[in-house]
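Visitor: build me a structure from this.
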Amino acid sequence: MTGDPAWYDLECLGRPLAVPAEPRDIVISVPAAPMHHPAVEALAEGLRARFPDACIVGAFHHGWVAGPHVGEEAAAAYARLRERLEEAGHPAVDLAADLEAMESLYSSADLHVGWRLHAHLPRLSRRKPSFLLDEDCRGRGASEALGFRSVRSWAVRWRLGARRRLGHRAEAVPELLALIDEEVASGFTRLVQVPSVIDRTYEVAMKPFLERLP
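Guide: Presented below is the predicted three-dimensional model:
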């Protein structure tokens, strides 16, 4: 296994995790599925309670306007979430089709917490703290490979006739906040191990793979 390409920022290989003394700029990456949107607000309030002096920003990777990648119903749900976050004092940022803005936001933040796997992985590749809520199996698989756990945010619900649907898992945000508390109290003891996994995988798998390419 070579790992996800997003694991690797070549300029950061060999560097340790940059642990903030006190997070001042926190980004929450907003989930794709509206069923998780109330949890975004709960997460923002939980982070505010822990870091009262921090600026907590909601990052909308697909914005809140309907377009090629966002349907009308989803866009309306994003827009409502944006309004609620801003009313609570948390700025919202539209990152749709703007890679430069995305990289600037995540590079400057002290801490990322949220649902977007490809916000989480580049943060770790650049040796900055990040905590992930799994929206699907990709997040769980990446976390198991990196050796630092994420928190499952979805739950399976069963309807009459054994029809399955997915819903939000109520324990997800409390579990994630508890994990953050543990890491902050310990100086990020477990999270600081992730860079060594990335470096080792690059040397033994990704680098040889790239060198074998025509």
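Visitor: run through the bridge partners of the most centrally placed residue in the chain.
Guide: Taking Cα atoms, centre = their mean, the centroid of the chain lies closest to Gly114, which sits 3.6 Å from it. With DSSP bridges applied, Gly114 shows beta-bridge pairing to Ser29, Leu132.
Visitor: quick check: it touching His36?
Guide: No. Using Cβ atoms under 8 Å, Gly114 is not in contact with His36; the gap is 9.9 Å. Backbone N, C-alpha and C define where each C-beta goes, glycine included.
Visitor: shared neighbours of those two, which are they?
Guide: Leu133 (Cβ atoms under 8 Å, 6 or more residues apart in numbering).
Visitor: show me where this structure has helices.
Guide: Applying DSSP state H to the chain gives helices spanning 37-50, 72-87, 99-108, 117-125, 137-146, 172-185, 194-201, 207-212.
Visitor: present these as CSV; the columns should include distance to Ser29.
Guide: Shown next, in CSV, are the helices of the chain (distance: least, Cβ to Cβ, whole Å):
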stretch, distance to Ser29
helix 37-50, 9
helix 72-87, 12
helix 99-108, 9
helix 117-125, 4
helix 137-146, 11
helix 172-185, 13
helix 194-201, 18
helix 207-212, 29
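Visitor: could you dump the ones you listed to JSON lines with mean pLDDT?
Guide: Below are the helices of the chain laid out as JSON lines (pLDDT from 0 to 100):
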{"stretch": "helix 37-50", "mean pLDDT": "97"}
{"stretch": "helix 72-87", "mean pLDDT": "96"}
{"stretch": "helix 99-108", "mean pLDDT": "93"}
{"stretch": "helix 117-125", "mean pLDDT": "95"}
{"stretch": "helix 137-146", "mean pLDDT": "92"}
{"stretch": "helix 172-185", "mean pLDDT": "97"}
{"stretch": "helix 194-201", "mean pLDDT": "96"}
{"stretch": "helix 207-212", "mean pLDDT": "92"}
